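Asker: I'd like to go over a predicted model; first the sequence, then the structure.
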Amino acid sequence: MKNLPIGILGSGKGTNCRAILDRIRSGDLAAETRLVLSDVLDAPILDIAREFCVINAYLPPGRFRTRLEPEIEEQLVNMLRDAGVELVVLAGFMRVLHEPMLKAFPRRIINIHPSLLPKFPGLEAWKQALVAGETVTGCTVHYVNAAIDHGQILAQR
């Protein structure tokens with residue numbers, strides 16, 4: 001069986017990226033990470049990619065706080081396509097993706113979200129859960145669509 005070529009996008013520490021790369025290295029995950037991209041210049045996720053000898057890059061996000069400028073999102077699409085990526089994994093990527101990415105990778109973008117969706121979509125889900133007095137919480141892996149944290153759920157723990 002062929003290893004699935006993936007691209008990982010993240011904005012922060014890279015703990016989910018490290019977990020994915022560890023599972024690939026151990027042979028538990030039949031994937032090959034072709035590219036790790038971050039919208040934060042000094043994000044530790046880029047150091048983790050270098051540690052695992054994965055091609056990595058900083059993609060300047062532009063002037064918006066929660067999304068990429070359309071031409072930058074087109075650049076992202078081109079970078080992922082050029083790397084031969086078939087599945088895009090959002091591992092702590094703090095930008096909302098729009099039409100260029102959603103059209104280029106339909107049902108081929110997944111997100112790791114730190115709540116049991118549909119509860120607590122959006123930013124700081126763990127804080128939302130604490131404020132709500134939740135006694136049980138977890139994480140969700142779901143397909144990305146045009147609505148924030150509302151795509152089809154693949155797994156929850």
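Answerer: Right, received. Where do you want to start?

Asker: spatially central residue in the protein, please.
Answerer: Closest to where the C-alpha atoms of the chain average out (Cα atoms, centre = their mean) is residue 90, at 0.7 Å.

Asker: dig out what it forms beta bridges with.
Answerer: Bridge pairing for residue 90 (DSSP bridges) gives the partners residue 9, residue 111.

Asker: which pLDDT value goes with it?
Answerer: In this prediction, residue 90 carries a pLDDT score of 98.

Asker: look up how far residue 147 lies from it.
Answerer: Going from residue 90 to residue 147 by Cβ to Cβ, to the nearest Å gives 14 Å. In short, each C-beta sits where N, CA and C put it, glycine included.

Asker: what residues are up against residue 63?
Answerer: Residues in contact with residue 63 (Cβ atoms under 8 Å, 6 or more residues apart in numbering) are residue 69.

Asker: is it in a helix, a strand, or coil?
Answerer: Three-state call for residue 63 (DSSP: H, G, I helix; E, B strand; the rest coil): coil.
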